[in-house]
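S.K.: task: produce atomic coordinates for the following.
(one chain, ligands or ions: 2)
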Amino acid sequence: MELKRENVLIEALPYMQEFYDSIMVIKVGGNAMVSAQIMEDIIRDVVLLRYVGIKPVIVHGGGPEITEKMERLGKKAEFFQGLRITDDETMEIARMVLVGNINTKIVSLIGISGGKGIGLTGYDGRMILGHKQAVKRVIVDGIETEVDIGWVGESEVINPDILHIVLENGYIPVISPIAVDAQGNALNINADTVAGDIAAALRAKKLILMTDVSGLLRNLNDPSSRVSRVTLDDIDPLIAEGIIKGGMIPKIKGAAVAIKSGVERAHIINGSVSHSMLLELFTDCGIGTMVYGPDSADK
Ligand SMILES: Nc1ncnc2c1ncn2[C@@H]1O[C@H](COP(=O)(O)OP(=O)(O)O)[C@@H](O)[C@H]1O
Ligand SMILES: CC(=O)N[C@@H](CCC(=O)OP(=O)(O)O)C(=O)O
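M.R.: Ligands and ions are numbered 1, 2, ... in the order given. Alright, predicted model coming up:
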């Protein structure tokens with residue numbers, strides 16, 4: 001039975017009270033931004049959160065857009081264990097797409113919806129300091145081979161000061177997944193990893209990872225196989241069994257990093273379903289997959 005409109009609002013009240021003044025990190029994946037309309041809807045929902053007293057922080061991806069731009073420039077996109085092999089030219093393209101296109105688009109949409117967005121990268125306030133990932137060793141035809149994945153980084157230190165400053169002044173920070181190393185070089189980091197690290201550093205109330213599937217699925221071809229709750233202890237076995245793979249690995253690992261640092265819950269939800277974030281946050285029917293630690297089994 002459909003809820004009457006006023007009941008929807010009443011049902012939301014305890015959640016609004018609980019979340020008031022808390023920080024939520026929202027990762028919007030390139031695959032969730034499948035259309036301009038979806039992107040507009042997601043951003044409008046984020047502005048709504050700000051107006052009910054939540055402090056949202058957006059971390060955005062853009063993997064499919066980087067690949068498309070590379071192909072248009074005649075370059076083949078290559079990945080190693082889900083990470084984009086990033087040579088000098090790829091780094092330039094990634095910065096162009098992430099910072100130049102997607103970040104400014106999101107900031108602009110926030111403005112159109114009546115909020116105040118501010119675009120940031122790891123360079124700003126030295127927010128994400130990192131280093132290049134080590135050369136990988138793999139066995140090919142029985143021979144150990146080295147793979148250099150280029151300017152792919154991992155974060156060492158997150159300085160959240162700049163985020164607190166802009167949040168306290170009513171802005172919605174929009175972060176591109178670019179870090180900086182000690183020499184000032186740009187590093188490409190998976191956006192789920194950045195979102196987990198930022199949520200951890202801010203001790204956010206929640207981390208919300210928006211993607212193009214309804215959550216963690218036991219069987220990728222069967223949407224009804226969604227796992228609604230996952231504890232930290234479930235994660236390694238699910239990866240070892242091959243149930244969690246590809247793009248879901250950095251998501252679940254980012255969620256785990258956040259939970260271990262005190263974030264109460266992480267949610268993996270389908271961003272391409274209209275207003276999925278509002279349903280997750282403000283209604284009794286949790287959607288998607290919730291990742292939680294030993295102390296937070298409730299919704
Ligand atoms: N067990 C799983 N459940 C759901 N999705 C999975 C699973 N294992 C791998 N995936 C893949 O992860 C993808 C989401 O990650 P990704 O493509 O990186 O999205 P985004 O751009 O939103 O970060 C899904 O589209 C799916 O193909
Ligand atoms: C190192 C690495 O792979 N970085 C990612 C950064 C963007 C990203 O993570 O975007 P999605 O969230 O849309 O996948 C990339 O170059 O694609």
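
S.K.: low-confidence stretches in the chain?
M.R.: 1-3, 295-299 (pLDDT under 70).

S.K.: strands of the stretch 51-200 of the chain, start to end?
M.R.: Under the criterion DSSP state E, counting those that start in this stretch, strands of the stretch 51-200 of the chain are mapped to 55-60, 79-80, 83-84, 117-120, 128-132, 136-140, 143-147, 153-158, 172-175, 178-180, 186-188.

S.K.: can you put those in CSV and add mean neighbour count and distance to ligand 1?
M.R.: Any C-beta I mention is one placed from the backbone N, CA and C, and that applies to glycine too. Below are those laid out as CSV (neighbours: other C-beta atoms under 10 Å; distance: least, C-beta to the nearest ligand atom, whole Å):
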stretch, mean neighbour count, distance to ligand 1
strand 55-60, 26, 10
strand 79-80, 14, 10
strand 83-84, 20, 11
strand 117-120, 22, 19
strand 128-132, 21, 18
strand 136-140, 10, 19
strand 143-147, 10, 20
strand 153-158, 18, 17
strand 172-175, 26, 15
strand 178-180, 25, 16
strand 186-188, 23, 14
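
S.K.: and of those, who's closest to residue 106?
M.R.: Taking C-beta to C-beta as the criterion, strand 172-175 is the member of the strands of the stretch 51-200 of the chain that comes nearest to residue 106, at 4.9 Å.

S.K.: between the strands of the stretch 51-200 of the chain, which one is closest to ligand 2.
M.R.: strand 83-84 (3.6 Å; C-beta to the nearest ligand atom).

S.K.: what are the pairing partners of that closest one, and which direction each?
M.R.: strand 79-80 (antiparallel) (DSSP bridges).

S.K.: how about the residues of this protein near ligand 2?
M.R.: The chain comes close to ligand 2 at residues 29-31, 61-63, 66, 83-84, 94, 152, 177, 188-192, as judged by C-beta under 6 Å from any ligand atom.
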